[in-house]
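Asker: Show me how the following folds:
(one chain, ligands or ions: 1)
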Amino acid sequence: MAYIDSILKESRVFYPSHEFSRNAHIKSMAEYSKIYKKSIEKPEAFWAEKAEQLEWFRKWDIVLRNDMGFFKWFEGGYLNACYNCLDRIIKSGKRDKIAFIWEPETGESEKYTYGQLLKEVCKFANALKKSGIKKGDVVEMYLPMIPELPISMLACARIGSIHSVVFAGFSSDALKDRVQDSKAELLITADGSFRNGKIIPLKDNADAALKDCPTIRKVIVVKRANNKVEMTNERDYWWHELIGSKDVSDVCEPESMHSEDSLFILYTSGTTGKSKGILHTQAGYLLFAYQTFKWIFDVKENDIYFCTADIGWITGHSYIVYGPLSNGATVVMYEGSPTFPKPDRFWRIIEKHKATIFYTAPTAIRALAKEGDDLPNNCNLNSLRLLGTVGEPINPEAWMWYYNVVGKKRCPIVDTWWQTETGGILITPLPGATPLKPGSAAKPFFGIVADVLREDGSKANANEGGYLVIKNPWPGMLRTIWNDPQRYRHTYFEKFGVYLTGDSAKIDEDGYFWIMGRIDDVIKVAGHRIGSAEVESSLVSHEAVAEAAVASFPHEIKGQAIYAFVVLKKNFKKSEELKEKLKQHVAQHVGPIAKPDKIQFADDLPKTRSGKIMRRILKAIAEGSKGYGNIMTLAEPSIVEALAKNRVA
Ligand code: WT7
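Answerer: Okay, here's the model as predicted:
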């Protein structure tokens, strides 16, 4: 793979400026090493000291407990995450500080101070209560990047209900699966959302999904797009009418939540067809989002922080909502597409709001770099002081472009490695301390013991690839898979007895981590996690398809893209139209991001004698490589040659 080749040759190192280091929270590698040592020798003392910075209704009794493989943090303690993100910040004198700057795709931006945000959250929290939502109930959100999304999440946190956000780019089928699994009682959606100037009919999608979701009693609809929608009597209510009513107060007492009460469920793809409901709880998650945001983004009083992620993903949860707000930061959130109206939109937003910290994904960097240097060069990006990336490995070329053209060689880049399951960043540079190697996520954050293991569980040598694992618990880790504790144990702990990330990586002679990508059947398309099995079962659900297997191949912009091998049923004819139909079928069934880039019709798939599909061979074919390895164990070795010959270039 090109990425692996280029990192092997990578030897450049970039140091933070003296000025950056002098003002940073963590100022040198010596300081990092000292705190790191303490944090892993006495993790409980380390995290307890950090937890003191939050406001507790009751202090915890015990910092960490391993309950038969299920980790519990700060048991006996009570707090409220919303209170810590809003009331605590307001009490520190920041009522009038801007919390959110919301940039719609078209139209004027809107600002919410911490004081205003609290009022909106309280009003909606009261509306939720009036709708019958209680502590412990699950509330599903299917919303675009509009202020009502963080407002509804914080309102849930305030009254102790559990939020579960479904990315608005997902299809109605995907929404249905998630609502059914979470057993949500209420759904919040919008009449539409804007993307590239077009309206996406969210409410219609939701209506389709809800036909098979009997647990949903009420639907709250935000009027965003003035899109005509059907409102079902006694089920559907307009957001503005609910909070507009005179008897809805803008004061709402925060519920006192136990540290290990559920805060949210967020679904992500795994190696089987069914997506996993990752459960995060109150105190540990909040503390981890708070502390990582503070030190990794080195946030200061006057920073304007712009994160381009969607709140439908974990990045938005931890680093648009909980991390920044609990630090009292000012966050820019953008509703629309990076290329609307032109591919300079991010640079325009940075210029307009004088953003100082910018956090985005490698896929966006590659796509925008392709548009040339003029677009960023024609904007004033002088306000920037720190850049970040997340979601997939960043190739050194894209890193260099980001560093030179966007950061003008002044801004450190934090290449942050983490996952939905980890709650927050685990491997990353610290911007004032860590010398940067383009393409490396650098070193573990405080309290994190990361390692690379061989198949037999022994430690890999320097520069030897292997399984990336985390050997100790941390406060932000997932607590379980919703409704499926067995799967939690099996997926993450069965192989080595320590947390298995699903990624492969290597550690170089300086102790820097180089993440090489997923080692399981998860494919990262433009940074989004897609399970091969999800795409396969979607394909097989089409009437023409007898069997399907998908693999990934390297893609210039998306990092990886999906290549599907499809065996048709007897009476269906191979045609380009059918390929197009199948692509649309997956887009509709799973979501546009899961659409295969290439489909190859095959007469058969390579299988072992016991009938197992040999994925390594399919991957080699998809990548256009001849390195299939040994094919003699196949039931029908000749299949491979036929497949390779008909490969879709
Ligand atoms: C997977 C997790 C964490 C927020 C967004 C993704 C890949 C993530 C990096 C990075 C290389 C990365 C891994 C990981 N990944 N960050 N800096 N370098 N790979 O969350 O959807 O749960 O995906 O994203 O493969 O396992 P997610």
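Asker: Not counting its neighbours along the chain, what's nearest residue 109?
Answerer: Using C-beta to C-beta, 6 or more residues apart in numbering and skipping the chain neighbours, the partner closest in space to residue 109 is residue 103 (4.7 Å). Backbone N, C-alpha and C define where each C-beta goes, glycine included.
Asker: Can you tell me who the one you found pairs with across the strands?
Answerer: residue 334 (DSSP bridges).
Asker: mind checking how far it is from the ligand?
Answerer: When distance is defined by C-beta to the nearest ligand atom, to the nearest Å, residue 103 is 21 Å away from the ligand.
Asker: burial of that residue, as a residue count?
Answerer: By the measure other C-beta atoms under 10 Å, the count of residues near residue 103 is 21.
Asker: do residue 238 as well
Answerer: Residue 238 has 15 nearby residues by other C-beta under 10 Å.
Asker: Bridging across strands, which residues link to it?
Answerer: Going by DSSP bridges, residue 238 forms beta bridges with residue 221.
Asker: is it true that it touches residue 223?
Answerer: Yes. With contacts counted by C-beta atoms under 8 Å, residue 238 reaches residue 223, the gap being 6.3 Å.
Asker: Which residue ranges of the stretch 401-550 of the chain form helices?
Answerer: 485-493, 532-540 (DSSP state H, counting those that start in this stretch).
Asker: Deepest-packed of these, please.
Answerer: helix 532-540 (a mean of 23; mean count of other C-beta atoms under 10 Å).
Asker: now check that helix, is it near the ligand?
Answerer: No. If you take C-beta under 6 Å from any ligand atom as the test, helix 532-540 misses the ligand, and the best it gets is 13.4 Å.
Asker: show me the contacts for the nearest residue to residue 193 once chain neighbours are set aside.
Answerer: Nearest residue to residue 193, sequence neighbours excluded (C-beta to C-beta, 6+ apart): residue 144, at 3.3 Å. With contact taken as C-beta atoms under 8 Å, 6 or more residues apart in numbering, residue 144 is in contact with 168, 190, 193-195, 200, 202, 224, 335.
Asker: What about the ligand: which of these touch it?
Answerer: Of the contacts of residue 144, not one also sits near the ligand (C-beta under 6 Å from any ligand atom).
Asker: The ligand: which of those residues is nearest?
Answerer: residue 168 (16.0 Å; C-beta to the nearest ligand atom).
Asker: what secondary structure does the nearest residue to the closest one once chain neighbours are set aside sit in?
Answerer: Nearest residue to residue 168, sequence neighbours excluded (C-beta to C-beta, 6+ apart): residue 144, at 4.7 Å. Assigned with DSSP: H, G, I helix; E, B strand; the rest coil, residue 144 falls in the coil class.
Asker: give me the number of residues near residue 225?
Answerer: Counted with other C-beta under 10 Å, residue 225 comes out at 20.
Asker: Quick one: name the residues of the protein near the ligand.
Answerer: 268, 313-315, 390-393, 415-420, 441, 501-503, 515, 518, 524, 529.
Asker: rerun at 8 Å
Answerer: Residues of the chain lying close to the ligand by C-beta under 8 Å from any ligand atom are 268-269, 309, 313-315, 318, 361-362, 389-394, 415-422, 425, 427-428, 441, 501-503, 515, 517-518, 522, 524, 527-529.
Asker: buried residues in the helix or strand encompassing residue 173?
Answerer: Element membership for residue 173, per DSSP states H and E: helix 172-182. For helix 172-182, burial by neighbour count (16 or more other C-beta atoms under 10 Å) applies to 172-179, 181-182.
Asker: In the sheet, which residues pair with residue 451? Tell me.
Answerer: residue 469.
Asker: Would you confirm that it contacts residue 458?
Answerer: No. Residue 451 is beyond contact range of residue 458, at 10.5 Å (criterion: C-beta under 8 Å).
Asker: and the next element down the chain from the lowest-mean-pLDDT helix or strand in the chain?
Answerer: For the chain, counting by mean pLDDT, DSSP states H and E, helix 2-9 ranks last in confidence among helices and strands (a mean of 60). Downstream of helix 2-9, the next assigned helix or strand under DSSP H and E is helix 18-23.
Asker: Flag every buried residue along that following helix.
Answerer: 20-21.
Asker: chain center to it: distance?
Answerer: 30 Å (C-alpha atoms, centre = their mean, to the nearest Å).
Asker: Which residues does that helix contact?
Answerer: By C-beta under 8 Å, 6+ apart, helix 18-23 touches 27-28, 300, 385, 412, 431-433.
Asker: Cheers, nothing more for now.
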